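S.K.: Pasting a predicted model and its sequence here:
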Amino acid sequence: MEDSRIRKLYKRYLGGLEPWQIKLAISRLQHYAVPIGAWEDAMQELAIVVLEFEYDPAKAGKASERTALCRRLDRRIKMMARSEVRLGNFWTRLGEMANRSREEYTPAQAAADGEVRDAVRELTPEQQEICLDLGGGLTVSQIAKARGCDWHTVERQVAKIREHFEKRGLNA
């Protein structure tokens with residue numbers, strides 16, 4: 001099953017990327033144990049890295065093109081993993097707040113929850129809907145599919161939402 005998914009993914013990028021670049025990206029996903037269900041989204045990110053990559057032997061020192069690209073791919077995978085963890089922690093906190101009964105509130109918790117509600121009210125209607133979708137457990141890809149847009153569009157909105165919360169001191 002996994003092999004057929006990998007072959008499909010490989011074929012999807014063949015022609016747009018060189019075969020060695022696709023194999024390298026897939027090997028990095030395997031190396032970092034990225035869940036196979038997340039590979040399509042991850043490969044989109046990695047394909048962008050590959051397409052933007054320009055090998056400059058002068059800047060690479062003794063590193064080969066493959067090694068330099070491998071480093072870039074690794075950095076992007078690590079960044080995606082950190083982002084997922086931060087986002088997961090943030091939505092877990094929001095979910096905990098939503099499930100808390102009023103009797104359990106301390107004054108500090110009630111104040112923090114009020115700050116979060118105020119921050120959400122300041123978002124655009126689209127960003128508020130994305131917050132609800134994320135809070136409901138949907139992934140960026142699922143939200144994009146439901147909205148009929150590119151996942152990058154949703155990812156940009158999530159970044160704006162995160163920035164808005166961070167400016168208010170409500171970072172996860």
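M.R.: Thanks, I have it.
S.K.: separation between Ser83 and Glu155?
M.R.: Distance of Ser83 to Glu155, given as C-beta to C-beta, to the nearest Å: 9 Å. Just so you know, the C-beta spots here come from the backbone N, C-alpha and C atoms, and that holds for glycine as well.
S.K.: Walk me through the domains of the protein.
M.R.: Listed domain ranges for the chain are 2-81, 100-167 (source: automatic domain parsing).
S.K.: Of all those domains, which one is nearest Leu94?
M.R.: Ranking those by proximity to Leu94 (C-beta to C-beta) places domain 100-167 first, at 5.3 Å.
S.K.: re the thing from before, which of the domains of the chain sits closest to Asn89?
M.R.: Here domain 100-167 is closest among the domains of the chain (C-beta to C-beta), at 11.5 Å.
S.K.: Can you pull out the low-pLDDT segments for the protein?
M.R.: 1, 97-113, 171-172 (pLDDT under 70).
S.K.: Could you rerun that using 80?
M.R.: Applying pLDDT under 80 to the chain flags the ranges 1-2, 84-116, 135-136, 170-172.
S.K.: Report all helices and strands that the lengthiest helix in it contacts.
M.R.: Secondary structure of the chain per DSSP state H: the longest helix is helix 65-99. Helix 65-99 sits against helix 19-31, helix 39-52, helix 107-121, helix 125-135, helix 151-167, with contacts defined as 3 or more C-beta pairs under 8 Å, 6 or more residues apart in numbering; DSSP states H and E.
S.K.: Including distance to Glu65, could the ones you listed go into a markdown table?
M.R.: Listed next are these as a markdown table, based on distance: least, C-beta to C-beta, whole Å:
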| stretch | distance to Glu65 |
| --- | --- |
| helix 19-31 | 9 |
| helix 39-52 | 11 |
| helix 107-121 | 45 |
| helix 125-135 | 38 |
| helix 151-167 | 26 |
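S.K.: Report the separation between the closest residue to Thr67 other than its chain neighbours and Arg82.
M.R.: Distances taken as C-beta to C-beta, 6 or more residues apart in numbering place Ala60 nearest to Thr67, at 7.7 Å, with adjacent residues excluded. According to C-beta to C-beta, Ala60 and Arg82 sit 25 Å apart.
S.K.: Tell me which of the two has more neighbours.
M.R.: Taking neighbours as other C-beta atoms under 10 Å, Ala60 and Arg82 compare with Ala60 leading, 14 against 10.
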